[in-house]
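Enquirer: Please work out how this folds:
(chains A, B, C, D, E, F, G, H, I and J)
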There are 10 protein chains.
Amino acid sequence: MLIGIDPVLTPDLLRHLGAMGHGDQLVIADANFPAESCANRIERLAGASATEALRAILSVMPLDTYVDAPARSMQVVGDPEAVPDIVAEFQRIIDEVADHPAQIQSVERHEFYREAKKTYCVVQTSENRFYGNIILSKGAIAPS
Amino acid sequence: MLIGIDPVLTPDLLRHLGAMGHGDQLVIADANFPAESCANRIERLAGASATEALRAILSVMPLDTYVDAPARSMQVVGDPEAVPDIVAEFQRIIDEVADHPAQIQSVERHEFYREAKKTYCVVQTSENRFYGNIILSKGAIAPS
Amino acid sequence: MLIGIDPVLTPDLLRHLGAMGHGDQLVIADANFPAESCANRIERLAGASATEALRAILSVMPLDTYVDAPARSMQVVGDPEAVPDIVAEFQRIIDEVADHPAQIQSVERHEFYREAKKTYCVVQTSENRFYGNIILSKGAIAPS
Amino acid sequence: MLIGIDPVLTPDLLRHLGAMGHGDQLVIADANFPAESCANRIERLAGASATEALRAILSVMPLDTYVDAPARSMQVVGDPEAVPDIVAEFQRIIDEVADHPAQIQSVERHEFYREAKKTYCVVQTSENRFYGNIILSKGAIAPS
Amino acid sequence: MLIGIDPVLTPDLLRHLGAMGHGDQLVIADANFPAESCANRIERLAGASATEALRAILSVMPLDTYVDAPARSMQVVGDPEAVPDIVAEFQRIIDEVADHPAQIQSVERHEFYREAKKTYCVVQTSENRFYGNIILSKGAIAPS
Amino acid sequence: MLIGIDPVLTPDLLRHLGAMGHGDQLVIADANFPAESCANRIERLAGASATEALRAILSVMPLDTYVDAPARSMQVVGDPEAVPDIVAEFQRIIDEVADHPAQIQSVERHEFYREAKKTYCVVQTSENRFYGNIILSKGAIAPS
Amino acid sequence: MLIGIDPVLTPDLLRHLGAMGHGDQLVIADANFPAESCANRIERLAGASATEALRAILSVMPLDTYVDAPARSMQVVGDPEAVPDIVAEFQRIIDEVADHPAQIQSVERHEFYREAKKTYCVVQTSENRFYGNIILSKGAIAPS
Amino acid sequence: MLIGIDPVLTPDLLRHLGAMGHGDQLVIADANFPAESCANRIERLAGASATEALRAILSVMPLDTYVDAPARSMQVVGDPEAVPDIVAEFQRIIDEVADHPAQIQSVERHEFYREAKKTYCVVQTSENRFYGNIILSKGAIAPS
Amino acid sequence: MLIGIDPVLTPDLLRHLGAMGHGDQLVIADANFPAESCANRIERLAGASATEALRAILSVMPLDTYVDAPARSMQVVGDPEAVPDIVAEFQRIIDEVADHPAQIQSVERHEFYREAKKTYCVVQTSENRFYGNIILSKGAIAPS
Amino acid sequence: MLIGIDPVLTPDLLRHLGAMGHGDQLVIADANFPAESCANRIERLAGASATEALRAILSVMPLDTYVDAPARSMQVVGDPEAVPDIVAEFQRIIDEVADHPAQIQSVERHEFYREAKKTYCVVQTSENRFYGNIILSKGAIAPS
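Expert: Next comes the predicted model:
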């Protein structure tokens, strides 16, 4: 445990978050997500929900202001306009916690998988609600 | 996720529990436990409490009936007779879930560390209550 | 050995099954299958038949309901309509054990090999009957 | 699969058996044996019983004629003179298959564990009968 | 050394032969063959000729009956019809030892190298006769 | 870079600090310290002084309140009572930044080396002042 | 520390600089640069600015005289003609320290990332000024 | 040191030379050559010139008689017909030491780099003369 | 294959022989020797006899003149004065090939095993005659 | 090659010299020295003499002023007072190049081997003169 750092941020996740640079992305994934076949770097947060993970990660990671969609969710199969409860909850957390405002944009399911394969790492949670996945893009921190 | 298996049991923890044999031990540790300097095999359950971990582990792991103390807790420094709330909760979970009855025995703190170094693995939780540590010894399963 | 878990599920196989996500696939292969040249992850179940392996795996792994063919067998060379005894036995086990009904579909032999190379892992059994191979696709588990 | 070689002898087990020299030992262990904490080299035969493993191994491995006890079993705790059924079965297989006659000798349980730690490898089977463990010492093959 | 197994079959070669499946191939190569730049898996049999290696390998490995050419040699550069003495000797050994009859077919030298790169492993012998190379394809073993 | 975290804390150092538990120790070392022969885990902070490192580390790491000397410096050879300027500066930083008050205690040089070998990791800085070394012991964080 | 060598040149960075040959390139990157996703070889200089790193590296590394642009910076997004202060400072250091004169040329941001992926290594500094990145090409040293 | 073997042939270089087969190539490179970015296998001969390395290597390695150019040098940039002194010296050593006569052929610089990436290994010397690079192709040794 | 070097000296064995220094030892072992449990470095010469190996090794390796027994054999169990045929043949080869005269001395069997564990490597041959083992100590080569 | 750094200092040797701290030692060894059995870290300088290596190493490495014997040679066996020519040459180089004066002290041969095993690394040269070995202890560099 570290002073002032959310205990959900494990040592390896802290390492990943610190090593990511401007424009690198990560996936917060639910418990059913095919994490190991998508990515080389995986950190499991057994016992944490996707929303707890999002809140913890945004407490230290800035969002990318150079891209249109720094936060992307997976569209419901067959109902691309639907907004699952968990995605609405993701948006509320971003509104509350993120260093920059950002509107979640949804992408088609297989496009989401292809994008996930390009990210820096996948953070797999114990989230059991469907569509509990979000891709975040890391921003830069200006000199203070 | 697997059918009928507690989702707190991550892939690596399932592997460890299955690979352990009769008499092998594991530690369920709190968030302040010096896990990496105690043991080679570590599984982190970020987001799970020690009691959630105990309940999940006992759902698949038998307790050793060949030893006097298949479950051991750490004594409060300066008050060896005290029973912290979390240890009492450990005992209630064992009473409810374990395949065999077992009475938790307490051991002095440094002795607990020495014993921890001999175990098969340490399962580090996000438990933030002090003294949230327990050593379990695995039993054998008889032919049905 | 673990309580309530089929002993054919070795520690490494349990790890693989748990780490697989929605849409990941695995091959249960017979003893003549070229497993090591097909895949990076291999688990051998020496002494177990392909049907014992199927029964054990389906006891914990849900089948994919998002795809047309969550279970696929290899067509007999020169007789694509034939249903070998072992494939009929695979179907009976699925009917009896699987969490969802699924009709095995057969694919041409070389197509089967190409599909096998894309799976998450190959489980090689001691099955000595020809055509004792099946590809399964893992499903998701909804919140209870 | 190989011509004339018992299919229970997996590729890795064949490698171990061939690499062992005169005086090297191996353990055939039951499903409850603490194999991973005893030895670095482990081969699992999920689905094979200890007696199937013994029969397969003796089909290619000579017994040591330089030592008093080339085959050793574990004594029943509290009844060192007892001969469990499985040990009697081990003896019948040796009598039938081994290249040299050998009388199984029993050793006290903790002594058995200490001896197991010195062996070349542990072959863990799915044997679920208690006391299904045997240590074998490999012999030399004279020029023909 | 193992009972009834040709001592030229080293522990690692036995492992490779056992791990190969139906349709996997191996190269028996002469001492001048560029083995390490052709393949990842190499087993050296220093002191054994290519013909000794062929005899030993065919004693345990079935030939593929599903392909036209389960045994292929390298054509003499500039004289594709020539049959070097060592290739004739390969044919005599196959006629004598193999589980199925097979006629060696020759392939052009650079085609041979390209095929060699696709095989499961290369077995490099001390054979010093030119053209002492042969590619074998492994067959399946039917239930007895 | 992460929000609210000192940029001197590199990804690997953050990982080490998070993985350390109650009672684990680390060394902040100067540029002449024999770091690689002392410890397995090393993190270099090229360009940072030992005092910058101390300030950054104490911003997230609690000091151990269970031991007499959670902060230890190296005695000047031949003048054990001397307090080098850099050690005085270490004390001022602790007084200002640490979560608990702590008085630096000095230990003899060879004893310091022996203690350093037992720590969790060595953080080697570019500090070029002699005696710019300090051993810190990590504390526990109580539930809030 | 070594005699006459800038202490910012860590052991691993010295190794990289020595192992690079004529035409190999390296990136000096700022703290926000996505270093780990760009390159396999990374050396972090926590606590050093990009300009300190440039000065140290040019003290031992010759610039390439065979290419048009041995030093390249990243163009400001939206203002390709702008010269950020830090780039002007890079130019002054090159003018002062480099073994050959060289005029920094700027490349478009995404082109810079693509070029960075081809370099021998990335040296990530604690530089917090934006656009604090430069690609250098190593020259040859003639016999003296 | 070994009897009758040039001491410049280090243990690893001897290994490489022996493992190379007919048609495999190696580069003898000067001190400025970008060896690590060209090839996976590198052997450094610090203190040896390229001509000493050539003499040592040809003492045990036959030249390829199946190809037109078993020895290739790099053309002087801008003067492709020039023969640098060191290349003339390479030719004299081949004339004197090689098992077969061979005329060095020159290739354009970037073509030389592309060819170097395909070789079995690069032997990097301390040669400080420019153009001190040569690619050799290994021949076969006939039965005596 | 290399010019003038015995083809029994495989690439890895050449590497070991070259890397050994004055006083380092190696074992030439017969096919029954427990090589893998004796030593970390093993080179197998499948198809070569122990005497072929001895002749090949002595063609490049000097014998140690600083020790009393640079060549040691294993005593026949129960008959320490006996000189097995193969040991007599070892002596004839040393007399004929070694750079220095040396008289083989025999050591008791278990002492031989203990000594073998201290050697640099074990060269395991296909020698099937019993007692076909010899330990050699490498000498130094003086400047010529 | 690097500006102002002796080209005998290979990339790996530079790394070792930079990573060594105050009191760490290294051996410069002759070609007959048993380097691989003495130490884990080895750097070979094939083609360089021990005296060239000493001169190059002392150009960047300070000598330890805290110990009595920062430079130690091996005593001639049977003549401990003798000073071999190469040791005299070592002394002249130290007198000329080292940052501090130091008188070489000789230690008995087996003591030299024991000390060598404790050093940080062994630098093995092509020195063929006997007794061409020296142990150096690295000093500290004070702030300028």
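
Enquirer: For stretch A:4-23, buried residues please.
Expert: Under the neighbour-count criterion of 16 or more other CB atoms under 10 Å in any protein chain shown, stretch A:4-23 has A:5-23 buried. In short, each C-beta sits where N, CA and C put it, glycine included.

Enquirer: So what's the model's average confidence on that stretch?
Expert: Stretch A:4-23 shows a mean pLDDT of 96.

Enquirer: and chain F, which of the buried residues of stretch A:4-23 reach it?
Expert: Filtering the buried residues of stretch A:4-23 for proximity to chain F by CB under 8 Å from any CB of the partner chain leaves A:Ile5, A:Leu9, A:Thr10, A:Pro11, A:Asp12, A:Leu14, A:Arg15, A:His16, A:Leu17, A:Gly18, A:Ala19.

Enquirer: does A:Ile135 sit in a helix, a strand or a coil?
Expert: For A:Ile135, the assignment made with DSSP: H, G, I helix; E, B strand; the rest coil gives strand.

Enquirer: Relative to chain J, how far out is it?
Expert: From A:Ile135 across to chain J, the span is 39 Å (CB to the nearest CB, to the nearest Å).

Enquirer: does that residue really touch A:Phe33, like I thought?
Expert: No: the criterion here is CB atoms under 8 Å, and A:Ile135 misses it with A:Phe33 at 11.4 Å.

Enquirer: and A:Gly23, backbone torsions?
Expert: Backbone torsions of A:Gly23, given as degrees, to the nearest 10, read phi 100, psi -10.

Enquirer: tell me the phi and psi of the closest residue to it other than its chain neighbours?
Expert: Setting aside the residues directly before and after it, A:Gly23 is nearest to G:Pro34 in space (CB to CB, 6 or more residues apart in numbering or on different chains), at 5.5 Å. When read as degrees, to the nearest 10, the backbone of G:Pro34 gives phi -80, psi 70.

Enquirer: List the contacts of G:Pro34.
Expert: By CB atoms under 8 Å, 6 or more residues apart in numbering or on different chains, the contact list for G:Pro34 reads A:Met20, A:Gly21, A:His22, A:Gly23, A:Asp24, G:Tyr113.

Enquirer: Up against chain G, what does chain A have?
Expert: By the rule CB under 8 Å from any CB, the part of chain A lying against chain G is A:Ala19, A:Met20, A:Gly21, A:His22, A:Gly23, A:Asp24, A:Tyr66, A:Tyr120, A:Ala140, A:Ile141, A:Ala142, A:Pro143.

Enquirer: now, the most widely separated pair of these?
Expert: Maximum pairwise distance among the residues of chain A next to chain G (CB to CB): 23.7 Å, between A:Tyr120 and A:Pro143.

Enquirer: Give me the more crowded residue out of the two.
Expert: A:Tyr120 (21 against 10; other CB atoms under 10 Å in any protein chain shown).

Enquirer: what's the closest non-adjacent residue to the more buried one?
Expert: The shortest distance from A:Tyr120 to any non-neighbouring residue, by CB to CB, 6+ apart, is to A:Asp24 (4.4 Å).

Enquirer: got a list of what that neighbour touches?
Expert: A:Thr119, A:Tyr120, A:Ser137, A:Lys138, G:Pro34, G:Glu36, G:Ser37.

Enquirer: from the residues you listed, which has minimum pLDDT?
Expert: Comparing the contacts of A:Asp24 by pLDDT, G:Ser37 comes last, at 89.

Enquirer: Just confirm that one is within a helix.
Expert: Yes: counting by three-state DSSP, G:Ser37 is part of a helix.

Enquirer: what about it, how many residues close to it?
Expert: 18.

Enquirer: ok, now how distant is it from A:Thr65?
Expert: For G:Ser37, the distance to A:Thr65 (CB to CB, to the nearest Å) stands at 19 Å.

Enquirer: what's the lowest-mean-pLDDT helix or strand in chain A in contact with?
Expert: Ranked by mean pLDDT, DSSP states H and E, the weakest helix or strand in chain A is helix A:35-38, scoring a mean of 91. Residues from elsewhere that reach helix A:35-38 (CB under 8 Å, 6+ apart): A:27, A:29, A:42, A:44, A:113, A:116-117, A:122, A:124, C:19-21, C:24, C:120.

Enquirer: Make CSV out of the residues you listed and add secondary structure and distance to D:Arg129.
Expert: Formatted as CSV, the contacts of helix A:35-38 follow (DSSP: H, G, I helix; E, B strand; the rest coil; distance: CB to CB, whole Å):
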residue, secondary structure, distance to D:Arg129
A:Val27, strand, 47
A:Ala29, strand, 43
A:Ile42, strand, 39
A:Arg44, strand, 37
A:Tyr113, helix, 47
A:Ala116, helix, 47
A:Lys117, helix, 48
A:Val122, strand, 43
A:Gln124, strand, 39
C:Ala19, helix, 32
C:Met20, coil, 33
C:Gly21, coil, 37
C:Asp24, coil, 36
C:Tyr120, coil, 34
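
Enquirer: where in chain A is pLDDT low?
Expert: For chain A, no stretch is flagged by pLDDT under 70.

Enquirer: Show me what the longest helix belonging to chain A packs onto, helices and strands only.
Expert: The longest helix of chain A (DSSP state H) is helix A:85-97. Packing contacts for helix A:85-97, counted by 3 or more CB pairs under 8 Å, 6 or more residues apart in numbering or on different chains; DSSP states H and E, involve helix A:50-58, strand A:71-74.

Enquirer: got a markdown table for the ones you listed, with distance to chain D and mean neighbour count too?
Expert: Formatted as a markdown table, the helices and strands packed on helix A:85-97 follow (distance: least, CB to the nearest CB, whole Å; neighbours: other CB atoms under 10 Å in any protein chain shown):
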| stretch | distance to chain D | mean neighbour count |
| --- | --- | --- |
| helix A:50-58 | 32 | 24 |
| strand A:71-74 | 37 | 24 |
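
Enquirer: need these in TSV with distance to C:Ala82, can you?
Expert: Converted to TSV, those look like this (distance: least, CB to CB, whole Å):
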stretch	distance to C:Ala82
helix A:50-58	47
strand A:71-74	41
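
Enquirer: and J:Val60, which of those is closest to it?
Expert: Comparing the helices and strands packed on helix A:85-97 by CB to CB, helix A:50-58 comes nearest, at 44.6 Å.

Enquirer: which residues are contacting that closest one?
Expert: With contact meaning CB under 8 Å, 6+ apart, helix A:50-58 is reached by A:6, A:8-9, A:13, A:17, A:26, A:28-30, A:45, A:48, A:86, A:89-90, A:93-94, A:97-99, A:123, A:125, A:127, A:129, A:132-134, A:136, B:47.
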